[in-house]
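Novice: Quick one, structure for this:
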Amino acid sequence: MGRLDGKVALISGGARGQGAAEARLFVEEGCRVLVGDVLDAEGAALAEELGRDARYAHLDVTSEHDWTEAAALAGRELGALNVFVSNAGISPPAEPITNTSLDDYLRVVGVNQVGTFLGMKAVIPPMIDGEGGSIVVISSAGGIEGTWGLSAYVSTKFAVRGLTKVAALELARQGIRVNSVHPGPIDTAMLEPEAWHGLDVRAGMAAAMPLGRLGEPREIAELVLFLASDASSYCTGAEFVADGGHLAGPFAPHLHGRG
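Specialist: Okay, the predicted model is just below:
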């Protein structure tokens, strides 16, 4: 018996990285998965790899039409939706607020914040019509604390944390649980040098973590799996942090002769 036997999930931003790790783990655990993304070649290849229990749909999360089509496709080809993972997100290179254009700021808002809202709006009716289920919103440690130079990213991650709580209250009596996940730095394309003005930030980020390393996509997928499954049946409206100890407090072992 898999932990998601008989369930159907829609994962946005599912073609690579953390989303792909979630899709693979979900299928391993008995779930049928619709992978949504704008990376068509990678998404289609992943769905083919996962076999008969997966489909791919082109999904621009800023498009209400794409969301409607994706939700309909899931119901038509995989069955009634039980799980939605709002995973799609972008983060531009770090820049001070005064160097951030309105267009750049709103582009992040469109994907990270509006995309989560539109996803919820599309999946809630079929989930209510079915047997309820679980919505998992991928926020960030940056949805709990500020980060220099990431005004748009942090703003949107705080926003979806709040949206999670509103949705949890609205949907609690309709059998739908809604929780947010707050990863620390995860070793995905978002940390590649091209996303950071050519700088390789991974070693520095790893050294700053109390656990001394970056997180792996599979580690976050395991937490998302727990929230998608019936094992988390009494969890809603809550934040779940997986950040290598980052938010526990300042990490300064050198001050005690241990660094």
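Novice: Now tell me which helix or strand of this protein has the poorest mean pLDDT.
Specialist: helix 202-208 (a mean of 79; mean pLDDT, DSSP states H and E).
Novice: For the helix or strand just after that helix, buried residues please.
Specialist: Beyond helix 202-208 in the direction of the C-terminus, DSSP states H and E gives the next helix or strand as helix 217-228. When neighbours are counted by 16 or more other C-beta atoms under 10 Å, the buried residues of helix 217-228 are found to be 217, 219-221, 223-228. For every residue, glycine as well, the C-beta is placed using N, CA and C.
Novice: Stretch 67-79 too?
Specialist: 67, 69-71, 73-75, 78.
Novice: Contacts for that stretch, please.
Specialist: Counting by C-beta atoms under 8 Å, 6 or more residues apart in numbering, stretch 67-79 makes contact with 8, 10, 32-34, 36, 53, 55, 57, 59, 61, 81, 118-119, 121-123, 126, all of which sit outside it.
Novice: Please apply the same query to stretch 234-250.
Specialist: Contacts with stretch 234-250, where a contact means C-beta under 8 Å, 6+ apart, come from 139, 141, 143-145, 161, 164-165, 168-169, 172, 177-185, 208-215, 219-220, 223, 227, 251.
Novice: are any of those buried, and which?
Specialist: Buried, going by 16+ other C-beta under 10 Å: 139, 141, 143-144, 161, 164-165, 168, 177-185, 209-210, 214-215, 219-220, 223, 227, 251, out of those.
Novice: circling back to that earlier point, take the contacts of stretch 67-79 and keep only those in strands.
Specialist: Under the assignment DSSP state E, the contacts of stretch 67-79 contribute 8, 10, 32-34, 36, 55, 57 to strands.
Novice: Serialize those to JSON lines and add fields for pLDDT, neighbour count and distance to P96.
Specialist: Rendered in JSON lines, the data for the ones in strands among the contacts of stretch 67-79 read as follows (pLDDT from 0 to 100; neighbours: other C-beta atoms under 10 Å; distance: C-beta to C-beta, whole Å):
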{"residue": "V8", "pLDDT": "98", "neighbour count": "25", "distance to P96": "44"}
{"residue": "L10", "pLDDT": "98", "neighbour count": "32", "distance to P96": "36"}
{"residue": "R32", "pLDDT": "98", "neighbour count": "23", "distance to P96": "45"}
{"residue": "V33", "pLDDT": "98", "neighbour count": "29", "distance to P96": "40"}
{"residue": "L34", "pLDDT": "98", "neighbour count": "26", "distance to P96": "39"}
{"residue": "G36", "pLDDT": "98", "neighbour count": "31", "distance to P96": "33"}
{"residue": "R55", "pLDDT": "98", "neighbour count": "21", "distance to P96": "42"}
{"residue": "A57", "pLDDT": "98", "neighbour count": "24", "distance to P96": "37"}
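Novice: Looking at the residues you listed, which one is closest to V109?
Specialist: When the ones in strands among the contacts of stretch 67-79 are ranked by distance to V109 (C-beta to C-beta), G36 comes first, at 19.3 Å.
Novice: Could I get the contacting residues of the closest one?
Specialist: 10-14, 43, 56-59, 61, 66, 70, 88.
Novice: neighbours around E42, how many?
Specialist: Here the neighbour count serves as a burial measure; for E42 (other C-beta atoms under 10 Å) it reads 17.
Novice: and it, what element?
Specialist: helix 40-50.
Novice: which stretches of the stretch 1-150 of the chain have low pLDDT?
Specialist: Within the stretch 1-150 of the chain, no stretch has pLDDT under 70.
Novice: show me where it has helices.
Specialist: Taking DSSP state H, counting those that start in this stretch to define them, one finds helices in the stretch 1-150 of the chain at 17-28, 40-50, 64-77, 102-108, 115-129.
Novice: CSV please, covering those helices and showing distance to L150.
Specialist: As requested, the helices of the stretch 1-150 of the chain are arranged in CSV below (distance: least, C-beta to C-beta, whole Å):
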stretch, distance to L150
helix 17-28, 18
helix 40-50, 25
helix 64-77, 26
helix 102-108, 9
helix 115-129, 17
